[in-house]
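Peer 1: A predicted structure for the sequence below; I have some questions about it.
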Amino acid sequence: MVINRKIGLWILMRESLLSLVLLCAWDVVVVVMFQIFHQEWMEQPTLPISLIGSALVLFMSFRNNTAYNRWWEGRTLWGAVTNNSRSFARQAGTILRGCPDLACAMAAYPYALRSALGRLDDIDDVLRLLPDSMKPGIEGRANIPAAILFQIGLRVEAECRRMDIDGALQGQIDRILSDMSNAQGGLERIRNTPLAIQFSVLPKVVAAVFCIILPLSMVQTLGWITPLGSSLVGLLFVALDKIGSDLQDPFGSTPHGMPMLTISRTIEIDLMQSCGLPAPPPLAPVRGVQG
Amino acid sequence: MVINRKIGLWILMRESLLSLVLLCAWDVVVVVMFQIFHQEWMEQPTLPISLIGSALVLFMSFRNNTAYNRWWEGRTLWGAVTNNSRSFARQAGTILRGCPDLACAMAAYPYALRSALGRLDDIDDVLRLLPDSMKPGIEGRANIPAAILFQIGLRVEAECRRMDIDGALQGQIDRILSDMSNAQGGLERIRNTPLAIQFSVLPKVVAAVFCIILPLSMVQTLGWITPLGSSLVGLLFVALDKIGSDLQDPFGSTPHGMPMLTISRTIEIDLMQSCGLPAPPPLAPVRGVQG
Amino acid sequence: MVINRKIGLWILMRESLLSLVLLCAWDVVVVVMFQIFHQEWMEQPTLPISLIGSALVLFMSFRNNTAYNRWWEGRTLWGAVTNNSRSFARQAGTILRGCPDLACAMAAYPYALRSALGRLDDIDDVLRLLPDSMKPGIEGRANIPAAILFQIGLRVEAECRRMDIDGALQGQIDRILSDMSNAQGGLERIRNTPLAIQFSVLPKVVAAVFCIILPLSMVQTLGWITPLGSSLVGLLFVALDKIGSDLQDPFGSTPHGMPMLTISRTIEIDLMQSCGLPAPPPLAPVRGVQG
Amino acid sequence: MVINRKIGLWILMRESLLSLVLLCAWDVVVVVMFQIFHQEWMEQPTLPISLIGSALVLFMSFRNNTAYNRWWEGRTLWGAVTNNSRSFARQAGTILRGCPDLACAMAAYPYALRSALGRLDDIDDVLRLLPDSMKPGIEGRANIPAAILFQIGLRVEAECRRMDIDGALQGQIDRILSDMSNAQGGLERIRNTPLAIQFSVLPKVVAAVFCIILPLSMVQTLGWITPLGSSLVGLLFVALDKIGSDLQDPFGSTPHGMPMLTISRTIEIDLMQSCGLPAPPPLAPVRGVQG
Amino acid sequence: MVINRKIGLWILMRESLLSLVLLCAWDVVVVVMFQIFHQEWMEQPTLPISLIGSALVLFMSFRNNTAYNRWWEGRTLWGAVTNNSRSFARQAGTILRGCPDLACAMAAYPYALRSALGRLDDIDDVLRLLPDSMKPGIEGRANIPAAILFQIGLRVEAECRRMDIDGALQGQIDRILSDMSNAQGGLERIRNTPLAIQFSVLPKVVAAVFCIILPLSMVQTLGWITPLGSSLVGLLFVALDKIGSDLQDPFGSTPHGMPMLTISRTIEIDLMQSCGLPAPPPLAPVRGVQG
């Protein structure tokens, strides 16, 4: 996730360069053909372009709204992971009277979740933090984060029985684990359900059609400065399309992806400090981008 | 659900072919009549078409937003089914100290729900997974998934009494079953309440009227290339209508329906693995479409 | 609620007939006056009509969105009634070990709620299902559904004390009753709070003004075919207004009202079957409309 | 809150009269100056007015949406107060085996909340209903409704200890009190956080600018009938601004305010009847307006 | 937060002055160049400006909606902090039979949260209110508010064990602490996740481009009064951009930031009064702005 605005503007410009060059090239072709060879059929009226514009606005507004909502819902669910891990740490520290193993296992959980969502094989952090006694329980499991939660549940049950904890208090801990499970399921839902195909493919196609027709409808009145006007307008709609594309896959590894590693590290620090264990430093953004 | 974008674009084009041919045919008829026979009355001003366009945009934006929200709410509720089945498995494995029968019954539940929502008679998977002791309890019941939840509730009650589980912990399990019941009820609500008739019928009618008038208002200025412009604009609005149509019935068996079978299989794998039973492989998408 | 699309289109056409006739009549008057007597002052420019159109679009989009949200919220709350009645039946069948009286009382509840929301006096179904012991408790009460919930609460309390049920489990049942109470309160809120007067009255007025001015601004260019164009455009905005009107009172007895009787019957069937009592058949829609 | 549509239309017209007169006066000034003195510089092109119109539409749509959402959120929170008071009455009647004092205290609560939200000093109803034993507890407190909830909590605690109620059941009552506290906090949040200053001030300013420029851009084409067209269009946007203004302060004492007194009375009736005490009649609307 | 409308309008004008001057200067340059030197190429048609306007409207509507939703979500979460602190005070006063230390610690919590969110070092209020026994527990912790909640949890656990409180009641208190933790996590999420870079940077750029082109397209028709029309229209869009900028960082120290200090003081008063301790007076707004 880009957190520095200046760098972000730079990244956006770099990513849009290719579109800009293509737009300009086509605009120049059109204006040259019109001005030199004067093809009559090129004199388009403005009606089609404004109707196409209306349809394009509808497509963009649907797509970008849904893409942003997916992104923000994903961010909110990661927030729920953070919150529940803190509540779990508080419960482990009070109800279960301090239980570093459980805190470590819970600190391993967001790293495992991040690997699963990003389809990465990187489970070094998981192995570093997970207590040895729980490692066999996650081997060969299709869903490693769910397996970690299951192991934590087993350990909580064992601790509660050993310490003869009241059922209602154990129920509160179980509830936090269920809430964590709900957050994880929500994140998996966002990853497994790409934006409906109509929303992810059509806006780009319509924007391209729009950009192709645009100089044809402008060249008549704008003449030689058509490329300036047409490229500018085209670039705006290409940028709108890009916003949606960037946001629709929140767990990708682009600069616009969610800062899952930073969040996982924050959780680790909170959990380690809450049971008095040494904590690593927070992750710093790299060139304005949080990983 | 289409998960491959290239195949999805292909599917969308195939499904829109008929509309495109009809649009083109009408446009050609109009332009020929205008250019050859020159019917004066065809010279329509642009005002009506832009006002109809405004109304059409309103209709489309209402309909597509609500259709998409229904779809996404349905998907979220299936996600809740997934989450609650996992939490139930964790509770069965910890509080009830492992209870494979309950896990199997819960794995049968999404298959039963899928059949009920899609109005299918396919309950093979339900019978394969449901413990024999529960089978009589679902016979002749109008609502099979609800009957399975009821049977699970009976079994949980019996287990809790047998093992003398604390009431508060039993209450936590009961709560997960209530949450599951809420998710099921939400899905049934979406299936039983079609999109309000005004939203599902009128946009198509308005789009058709718009496409019929469109070439009349363009032919005067565009001349022989009218079919190109008019078909393009018409196709955009037909595509907008199609998006809404595709999404408004999320439990249908079209390529745009919800991947209920894939989700059910994922739940089965999670539950089987969590109590150490052999799990089937995940379902692969067939030609870019998840079933 | 209309569930058959063809019949629905027919109903919509029948309900819009009067508006169409009025629109056409006015359009014909305008065109005749213009063409025969040629009133100069009728030559309106297009600016006012497009500005009025913008304001109308804003009004319509506010009103229809809020009307639809009210309708869908109402439907969701009826869904919550269904879900909670099922969860209650499961709890009565497991925690309270089967208690047909409670299931019958809960089956009477939605019928009572429907009568209260629709301001009907029809409590035959309530009296048919409610156990005799609870009937005195609802006599003379201003809010009969709330009184039934209170009676159910009393009975649950008595059963729990008799069977010495754990407080935490009784608390789970109490919670379902509270959720039911929340759903009922939400439905009453929607009924008692009509759509803000500005939203329910002004759109109709603005649409009427728009339709009156519309032919004046078209007659200059469209000439004799004005009634065709003007009526078509006018009808679209009248239809938009009608959508909002139909949806804003979800508990009315129009074909667009909520199918409260069908939902009540579905709940009754579920509850009766879950405790082994004979259940009535589901209600079939009458001429494409669910009651 | 206006609940009679005819009276509502009348109220709206009365409230808009001043704006209408001002609009007309300005329009007449413009047309007279143009027609008599023919100021050349008045011939404005249509571009600025349509661009200002676009910006105005954006301002209005932001403001009115947020204002309506505030209003509806407030209404929903009052609904939550109603629901929780009923659930509390059911719990007092069942778990605490009937406790008229608690019902009376809870009936006093909405009256206290209404006074606090409306910044009124009217606590007659509170003193009428609140049991004498609780009166010292609310004296001198900054937040009287919160103090009443606190007193109710103290009394519930005392009753539970006296009757040796299970902690889980007491927890359910405590939870209803927390939910009530959340609803109260939400209402206070809406009252204490006026709509962002940009939304409450700028739309009125922009609408005024728009209305001033409007006749200048119309007089050229409309001539002597400018005041008719210009006032009509201006009035529409003034009405849009008024909708937002009316809704943005839901706890005011205008006819568009929330019917807090009626809701409080409804709650009182429900609570009194549920513990067999005599209940006052419901409040009737006064000239189509609920207080 | 600005709560006085007149002062607010003044603040907005002051903040917009620079933009207005720049806009006017550029408009004057354009009109002078056109009228004196008559550069032909300046005669722009209106199409590009209205298309750029459409794109700008889309950008603004996305950005301002999301910015406002962030702001309101932040305000709602601060409301949750208030509500939960009150519920906690009620529980401390009833279940734990009065516990001033816990009330003081909870009163310190919002001050700590405010410092953390605003990245301030001001923890005087925290040290003033926090009981001495808890001070060592927050030293050196990265997240001080979370540490305070942890300390409160430890103290609750100790009190409950000392007084032999039922587990279910302790569970209710723990639940309030978890809800508080969720609210805190939500606020941190809003602070740590700036508005997506595309939304925070591009609208300003597009608005600037729009304002530069605007006079070019108006000068032809408006002539010498171009600066008036162009500056007015430009100022509207600059104001729209400013609304979004003001709201997108709700925890900043601008006049448009959230009144976190006032809320913290309100919480302190409520908590102090509820356990009979002397409370400070509420904070008064300073020149129409709440801090």
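Peer 2: It's in. These figures come from a predicted structure and were not determined experimentally. Numbering: from 1, shown residues only, chains lettered A, B, ... in the order given.
Peer 1: show me where the stretch 151-291 of chain A has helices.
Peer 2: Ranges of helices within the stretch 151-291 of chain A are A:167-192, A:197-222, A:226-248, A:260-274, based on DSSP state H, counting those that start in this stretch.
Peer 1: Output the ones you listed as TSV; include the columns mean neighbour count and distance to chain B.
Peer 2: For every residue, glycine as well, the C-beta is placed using N, CA and C. Formatted as TSV, the helices of the stretch 151-291 of chain A follow (neighbours: other CB atoms under 10 Å in any protein chain shown; distance: least, CB to the nearest CB, whole Å):
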stretch	mean neighbour count	distance to chain B
helix A:167-192	24	3
helix A:197-222	21	3
helix A:226-248	23	11
helix A:260-274	23	19
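Peer 1: Ok, which of those helices comes nearest D:E188?
Peer 2: Proximity to D:E188 (CB to CB) singles out helix A:167-192 among those, at 27.2 Å.
Peer 1: Tell me what angle that closest one forms with helix A:226-248.
Peer 2: 150 degrees (axes from the mean of the first three to the mean of the last three CA atoms, to 10 degrees).
Peer 1: check whether helix A:167-192 contacts chain C.
Peer 2: Yes. Residues of helix A:167-192 contacting chain C under CB under 8 Å from any CB of the partner chain: A:167-168, A:171.
Peer 1: Can that helix be said to contact chain E?
Peer 2: Yes. Using CB under 8 Å from any CB, helix A:167-192 comes into contact with chain E via A:167-169, A:171-172, A:176.
Peer 1: surely A:L261 meets A:G291?
Peer 2: Yes. Counting by CB atoms under 8 Å, A:G291 is a contact partner of A:L261 at 4.6 Å.
Peer 1: Distance of A:Y109 relative to A:V81?
Peer 2: 8 Å (CB to CB, to the nearest Å).
Peer 1: Would you pull up the residue in chain A closest to chain D?
Peer 2: Using CB to the nearest CB, the single residue of chain A nearest to chain D is A:A168, 6.3 Å away.
Peer 1: show me where pLDDT drops low in chain A?
Peer 2: A:38-47 (pLDDT under 70).
Peer 1: near chain C, which residues of it?
Peer 2: Checking chain A against chain C by CB under 8 Å from any CB, the hits are A:167-168, A:171.
Peer 1: wait, which of those residues is closest to chain E?
Peer 2: The closest of the residues of chain A next to chain C, once distances to chain E are taken by CB to the nearest CB, is A:A168, at 3.9 Å.
Peer 1: Give the full set of residues in contact with that closest one.
Peer 2: Counting by CB atoms under 8 Å, 6 or more residues apart in numbering or on different chains, A:A168 touches B:166, B:168, C:168, D:167-168, D:171, E:166-168, E:170-171.
Peer 1: before we move on, the earlier item: now render the helices of the stretch 151-291 of chain A as TSV, adding distance to E:M180.
Peer 2: Listed next are those as TSV, based on distance: least, CB to CB, whole Å:
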stretch	distance to E:M180
helix A:167-192	14
helix A:197-222	38
helix A:226-248	31
helix A:260-274	15
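Peer 1: nearest to C:L113, of those?
Peer 2: Short answer: helix A:167-192, nearest of the helices of the stretch 151-291 of chain A by CB to CB, at 29.9 Å.
Peer 1: For the closest one, what is the distance to the chain centroid?
Peer 2: Chain-centre distance of helix A:167-192: 21 Å, with CA atoms, centre = their mean, to the nearest Å.
Peer 1: how about the residues of the stretch 101-250 of chain A that lie near chain E?
Peer 2: Residues of the stretch 101-250 of chain A lying near chain E (CB under 8 Å from any CB): A:165-169, A:171-172, A:176, A:217-218, A:221-222, A:225, A:229-230, A:232-233, A:236-237, A:239-240, A:242-243, A:246-247.
Peer 1: hmm, try it at 10 Å
Peer 2: Proximity of the stretch 101-250 of chain A to chain E is confined to A:165-173, A:175-176, A:179, A:210, A:214, A:217-218, A:220-226, A:228-230, A:232-237, A:239-240, A:242-244, A:246-247 under the rule CB under 10 Å from any CB of the partner chain.
Peer 1: And for A:V238, nearest residue in space, chain neighbours not counted?
Peer 2: Once flanking residues are discounted, A:V238 sits nearest to A:S19: 4.6 Å by CB to CB, 6 or more residues apart in numbering or on different chains.
Peer 1: swap that for A:F59, sorry
Peer 2: That would be A:P203: by CB to CB, 6+ apart, it lies 4.5 Å from A:F59.
Peer 1: OK, contacts around that neighbour?
Peer 2: A:P203 makes contact with A:56, A:58-64, A:67, A:237, A:240-241, A:244-245, according to CB atoms under 10 Å, 6 or more residues apart in numbering or on different chains.
Peer 1: go with 6 Å
Peer 2: A:59-60, A:63, A:241 (CB atoms under 6 Å, 6 or more residues apart in numbering or on different chains).
Peer 1: and those, which are buried?
Peer 2: A:59-60, A:63, A:241 (16 or more other CB atoms under 10 Å in any protein chain shown).
Peer 1: Helices of the stretch 1-150 of chain A, start to end?
Peer 2: Using DSSP H, counting those that start in this stretch, helices in the stretch 1-150 of chain A cover A:5-32, A:47-94, A:100-117, A:124-129, A:135-138, A:144-163.
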